[in-house]
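Enquirer: Need coordinates for the below:
(one chain, ligands or ions: 1)
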Amino acid sequence: MLEPFIESPGLWRVPLPTPTLPPATTTNHYLVGDRRAVLVDPSAPARSSQDQLVALVNTAREQGIEVVALFLTHHHRDHVGAAQSLRVRLGLPVWAHAHTAALLPEIPVDRTINDGACVAENADGTTWQAVHTPGHAPGHLVLWHEATAMLVAGDMVAGEGTILVDPQDGHMGDYLASLEKMARLHPHGLAPAHGQVLHEALAVLTHYRMHRLAREHKVLESLPQEWTAPDVLLPAAYGDVSRLAWPIALRSMQSHLIHLQELGRVERNGDVWRRRN
Ligand SMILES: [Zn+2]
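Expert: Reported below is the predicted structural model:
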């Protein structure tokens, strides 16, 4: 029988194996709220893992906690892989942002959640609020508990591994703005989807932002004024990163280039880029 980690009042964490981005191997399933609760990011594909989640929800119910929904922080596979099967097994609706719902045609989203929605409640009457934080994914939501200054952070930060802002469904400018939006809440703790809870929350958020801006500066500095393919820039812009990670770095760099283009610093012509004077 699984023992969830108790992270703060009304917050339990259950890491279970998922097909996620290495070096992470698990996704944290959070039960949020100890009066009215949601199960965040039902994703573990193995039947045995899902049995453990059913047992967790049943135990919560026996303790008088009303579990009301399955809550998706965003649409990525390692966050939603168990949503449909648990939706059926537990008879719970799926809640997610409208952008997430639009990207998940195979999973019925029963209720769309907007920025500011109250989604769970603790026994002392304090609430957990959804906050829209696009960037890693367009419909990304985090859960904010003002009373304990705890943020369930999804894939905005990682306790293990890194966060990829993929040009296919991510947006670097939005991601940077969302990190700032989270910092403005002055959280004490960040409960990420992968790895352990981070306690120096403001320092972590500042580090993430500064790290991205420093990388973006490197990308800009490495780009000549002649049309250039992005992979040529890897040694200069990502020389400190293992070559094994360069395929991922190339995708991240593409997001930086798009952001720099939006800022008017670089130009694009199909697959090649150049720095503007
Ligand atoms: Zn993700």
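
Enquirer: From now on I want contacts and neighbour counts done on CA atoms only, so please keep to that.
Expert: Noted.

Enquirer: what about dumping the CA coordinates of stretch 197-214 to PDB?
Expert: Coordinates of the C-alpha atoms in stretch 197-214 are reproduced here as PDB (Å, rounded to 0.1, in the frame of the first residue of the first chain):
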ATOM      1  CA  VAL A 197       9.000  20.100  -3.400                       C
ATOM      2  CA  LEU A 198      11.300  23.200  -3.700                       C
ATOM      3  CA  HIS A 199      11.300  25.400  -0.600                       C
ATOM      4  CA  GLU A 200      13.400  28.500  -1.700                       C
ATOM      5  CA  ALA A 201      10.600  29.300  -4.000                       C
ATOM      6  CA  LEU A 202      11.300  32.900  -4.900                       C
ATOM      7  CA  ALA A 203      15.000  32.100  -5.400                       C
ATOM      8  CA  VAL A 204      14.100  29.200  -7.700                       C
ATOM      9  CA  LEU A 205      11.700  31.300  -9.800                       C
ATOM     10  CA  THR A 206      14.300  34.100 -10.100                       C
ATOM     11  CA  HIS A 207      17.000  31.500 -11.000                       C
ATOM     12  CA  TYR A 208      14.700  30.000 -13.700                       C
ATOM     13  CA  ARG A 209      14.100  33.400 -15.200                       C
ATOM     14  CA  MET A 210      17.700  34.600 -15.100                       C
ATOM     15  CA  HIS A 211      18.900  31.300 -16.500                       C
ATOM     16  CA  ARG A 212      16.500  31.600 -19.500                       C
ATOM     17  CA  LEU A 213      17.400  35.300 -20.100                       C
ATOM     18  CA  ALA A 214      21.200  34.400 -19.900                       C
END
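
Enquirer: in that stretch, what counts as buried?
Expert: Of the residues in stretch 197-214, V197, L198, A201, L202, V204, L205, Y208, R209, R212 count as buried by neighbour count, 16 or more other Cα atoms under 10 Å.

Enquirer: and it, how far out from the chain's middle?
Expert: 14 Å (Cα atoms, centre = their mean, to the nearest Å).

Enquirer: returning to what we had before: just the ones in helices from the buried residues of stretch 197-214, please.
Expert: Secondary structure assignment by DSSP state H places A201, L202, V204, L205, Y208, R209, R212 of those in helices.

Enquirer: Can you tell me which of the buried residues of stretch 197-214 is closest to S48?
Expert: Of all those, S48 sits closest to V197, with 24.6 Å by Cα to Cα.

Enquirer: so what pLDDT did that closest one get?
Expert: pLDDT, V197: 96.

Enquirer: Does it touch G159 like I think?
Expert: Yes - if you go by Cα atoms under 8 Å, V197 and G159 touch, sitting 6.5 Å apart.

Enquirer: where does the protein dip in pLDDT?
Expert: 1-2 (pLDDT under 70).

Enquirer: quick one, domains of it?
Expert: Split into domains by automatic domain parsing, the chain comes to 5-198, 223-275.

Enquirer: tell me the strands in the stretch 151-277 of the chain, going along the chain?
Expert: 189-192, 266-269, 272-275 (DSSP state E, counting those that start in this stretch).

Enquirer: Just name the most buried of the ones you listed.
Expert: Mean neighbours per residue, mean count of other Cα atoms under 10 Å, is largest over these for strand 189-192, with a mean of 26.

Enquirer: Could I get the full set of helices for the protein?
Expert: Using DSSP H, helices in the chain cover 47-62, 77-80, 83-90, 98-102, 172-184, 201-222, 234-237, 246-262.
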